[in-house]
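[1] structural data only, the sequence is not supplied:
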């Protein structure tokens, strides 16, 4: 329907009716015009042949998005389940994702890559915008971006000159305090500082202890320095630190008959402690003909997980799991800066990541310990190029061609020991391995741009995710897993219609991939590993619309449909268990959201305006495992927010999950307890926020 409207409407437009400036975009949700500038590309996002969603700082505030997991409610076919702890933050786009190990959806914050999924759950304080690019982004971004990319950008002191104070409180003993300052020392030097502390008492009570199972204390800080060293030379330094200490894993026994979760009831409290520091230095030299950029980054992450692995009141198993990551990366990028019909960019990328784990499994029923230490360093390099030829053969027709070569080497040393009841320790494994992977990832896209900046496009791109080692594998046969590859085919259109009354984007996609990496729970019950399936396919559509009936009233509707299934997947040859034809786990068939925003302007000494925002978000059906025996039906929740604004002061009332909809946010089978467990979705929450800007 939208494609038909597009073709009919654009045929009657003239050059004088162009409503979108050349270097700005109309945002999917607010209709605001913003200029997109990024390390990879300065291209207008609305003019790229790709499915994309942009969330502004206004949207993040109005919809009370406090962490990265909460953006999935408003992005078609994006699913980031909220369960466990900050360690468990898998992201899925169009059915492509990974529950463990390296992610299949990339995350970049101010151009700095986040390589480990345990680092994904970040705070959304003082964020300028979030971009979600759906589909493989391997040509420009490289490794482990088969599903897409989430780009997060913090506020720049060049654009903001203000001080902000934020106080918040809510039910379940929720408290938050934050402050930020953006300023300039001179015309060539700007800085920003921000900090935030957060506490929640937890949502679920552990029946055994009588205490909340999932309280959390967190704090974060960010510094950004921006220099204009010379008319053509600029530098940006970003440094962020985040600390969190939380109780975790509020899992209860799952009742399949009515899709409910029993009360949390395990005998030893579980927890997760995370320390993370991320640093990036971006240097750019810009001329009238080209821009040369360098991005250097360093990230360290330490995680400590303590978990009652049987999740019951019995004293059976307890696991201490430690993670230590150190990641260095360097990228150099040069791209054209002219307005000619030929646009180009070249880049090179390199990284080194050290990743070490210690896994102590305490089998209390036999008074024995299994101790496993794993060291998994990885290094890689890449070269890439992309060319865009505009006005090819005829005005408005553009061709994009890209190619990237990635090489990666990973090593693995595993030392396993067994401690017996008499405290004697026997070494059972001491093994070293090395493997390497390489891949070419091409991309081609053809688009036609109408004179009002509306476009139609077709693209084909290859996705690639490296293989690796399962650091917690018990069986030698499960020690390694292969790389997976995919081809993504997409056709779409986007634009603004009827004098900006309707903004719309629609796309259809088909993904064909080989050797899909599937997470499976080990028979020992001591954690997940990755194995390769044969062939899989995903197909669907995505729609994003905004309706602007009045200047102070707008509506947004998004919808995503994904049909993702195994084409060939022999799960167990000996027992002849074949999952071919089954749906992929952790993939909602439907994602849907609708939101309304209404601003009431007042002529009062007490208030300048009242902003009312309401949202309904829904998703499902979700199958939790490859056997498709357990699932979460389609469900939806209501959220709302009211902001009362006077000058630079605002007082906000908010609520989430109005009506207290009960649903399952995560499910798994625990072979240790020989039972199914799940985590219930968060209950009704509400709170108040006070914000001061000066």
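    Structure received. The model shown is predicted, which means the values in this text are computed figures rather than measured ones. Numbering: from 1, shown residues only.

[2] now residue 400: which helix or strand?
    Residue 400 belongs to strand 397-419 when assigned by DSSP states H and E.

[3] tell me, how many residues neighbour residue 604?
    When neighbours are counted by other C-beta atoms under 10 Å, residue 604 registers 9. Backbone N, C-alpha and C define where each C-beta goes, glycine included.

[4] what does residue 603 give?
    Residue 603: 6 neighbours (other C-beta under 10 Å).

[5] how much space between it and residue 609?
    10 Å (C-beta to C-beta, to the nearest Å).

[6] just to revisit the earlier point, from the chain's centroid, how far away is the strand holding residue 400?
    Chain-centre distance of strand 397-419: 19 Å, with C-alpha atoms, centre = their mean, to the nearest Å.

[7] check stretch 596-604 too.
    With C-alpha atoms, centre = their mean, you get 33 Å for stretch 596-604.

[8] re earlier: what mean pLDDT does whichever helix or strand comes after the strand holding residue 400 get?
    Moving toward the C-terminus from strand 397-419, the next helix or strand (DSSP H and E) is strand 425-449. The pLDDT scores in strand 425-449 average 92.

[9] sheet-wise, list the partners of the helix or strand just after strand 425-449 with their directions.
    For strand 425-449, the following helix or strand on the C-terminal side (DSSP H and E) is strand 455-465. Applying DSSP bridges, strand 455-465 is found paired with strand 425-449 (antiparallel), strand 484-497 (antiparallel).

[10] report the buried residues of strand 455-465.
    455, 456, 457, 459, 461, 462, 463, 464, 465 (16 or more other C-beta atoms under 10 Å).

[11] wait, is residue 346 part of a strand?
    Yes: applying DSSP: H, G, I helix; E, B strand; the rest coil, one finds residue 346 inside a strand.

[12] wait, it sits on residue 402?
    No: applying C-beta atoms under 8 Å as the test, residue 346 and residue 402 come out as separate, 10.8 Å apart.

[13] mutual contacts of the two, please.
    With contacts taken as C-beta atoms under 8 Å, 6 or more residues apart in numbering, residue 346 and residue 402 have 384, 385 as neighbours in common.

[14] what residues are up against residue 117?
    89, 90, 91, 98, 100, 101, 102, 103.

[15] check residue 361 too.
    Taking C-beta under 8 Å, 6+ apart, one finds 309, 317, 319, 369, 370, 371, 372, 526 in contact with residue 361.

[16] and if we set it to 7 Å?
    For residue 361, the contact set (C-beta atoms under 7 Å, 6 or more residues apart in numbering) comprises 317, 319, 369, 370, 526.

[17] can you tell me the closest non-neighbouring residue to the first one?
    In space, residue 317 comes closest to residue 309 once its chain neighbours are excluded; the distance is 4.1 Å by C-beta to C-beta, 6 or more residues apart in numbering.

[18] ok, residues contacting stretch 304-322?
    87, 208, 249, 251, 265-268, 270-273, 357-365, 525-526, 670, 672-673, 677.

[19] what do you get for stretch 613-632?
    By C-beta under 7 Å, 6+ apart, stretch 613-632 touches 62-63, 73, 79, 256, 259, 518, 571, 579, 582-583, 585-597, 633-641, 663-664, 667, 676.

[20] list the buried ones in that stretch?
    In stretch 613-632, the ones that count as buried by 16+ other C-beta under 10 Å are 613-620, 622-626, 628, 630-632.

[21] now it, how far from the chain's geometric center?
    With C-alpha atoms, centre = their mean as the basis, the mean position of stretch 613-632 lies at 18 Å from the chain mean.

[22] how about stretch 254-261?
    Using C-alpha atoms, centre = their mean, the offset of stretch 254-261 from its chain centre is 29 Å.

[23] what's the end-to-end length of it?
    Stretch 254-261 has its terminal residues 5 Å apart, counting by C-alpha to C-alpha, to the nearest Å.

[24] what are the buried residues along that stretch?
    So for stretch 254-261, counting by 16+ other C-beta under 10 Å, buried means 254, 259, 261.

[25] heading C-terminal from the helix or strand hosting residue 305, find the next helix or strand.
    Residue 305 is part of strand 290-307 when elements are defined by DSSP H and E. Heading C-terminal from strand 290-307, the first helix or strand you meet, by DSSP H and E, is strand 317-336.

[26] what lines up beside that following strand in the sheet?
    strand 290-307 (antiparallel), strand 342-363 (antiparallel).

[27] quick one: buried residues of the first one?
    Looking back up the chat, that one is strand 290-307. Here strand 290-307 shows 291-301, 303-307 as buried, counting by 16+ other C-beta under 10 Å.

[28] re earlier: for the strand holding residue 400, name the packing helices and strands.
    Under the contact criterion of 3 or more C-beta pairs under 7 Å, 6 or more residues apart in numbering; DSSP states H and E, strand 397-419 touches helix 138-141, strand 368-375, strand 378-389, strand 425-449, strand 468-469.

[29] any idea how far the last one is from the chain center?
    Think strand 468-469. With C-alpha atoms, centre = their mean, you get 22 Å for strand 468-469.

[30] gap between the residue of the chain most remote from its centre and residue 367?
    What lies farthest from the middle of the chain is residue 422; by C-alpha atoms, centre = their mean that is 46.7 Å. Going from residue 422 to residue 367 by C-beta to C-beta gives 9 Å.

[31] more crowded one of residue 346 and residue 402?
    Neighbours per residue, other C-beta under 10 Å: of residue 346 and residue 402, the larger number sits with residue 402, 19 against 14.

[32] so where's the stretch 251-400 of the chain uncertain?
    Along the stretch 251-400 of the chain, no part satisfies pLDDT under 70.

[33] ok so, going back, and the contacts of residue 361, which are buried?
    317, 319, 369, 370, 526.

[34] now distance to residue 387 too, for those residues, in TSV please.
    Formatted as TSV, the buried ones among the contacts of residue 361 follow (distance: C-beta to C-beta, whole Å):
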residue	distance to residue 387
317	56
319	51
369	58
370	54
526	49
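
[35] tell me which of these is nearest to residue 155?
    Nearest to residue 155 out of the buried ones among the contacts of residue 361 is residue 319 (C-beta to C-beta; 40.0 Å).

[36] on that earlier part again, among the buried ones among the contacts of residue 361, which one lies nearest to residue 108?
    residue 319 (31.8 Å).

[37] so what's that closest one closest to, chain neighbours aside?
    Using C-beta to C-beta, 6+ apart, the closest residue to residue 319 is residue 309 (4.7 Å).

[38] same thing with residue 216?
    Going by C-beta to C-beta, 6+ apart, residue 216 has residue 246 as its nearest residue, at 3.7 Å.

[39] listing partners with orientation, what would you give for the helix or strand containing the one you found?
    Element membership for residue 246, per DSSP H and E: strand 233-247. Strand pairing for strand 233-247, determined by DSSP bridges: strand 216-230 (antiparallel), strand 271-286 (antiparallel).

[40] alright, calling it a day.
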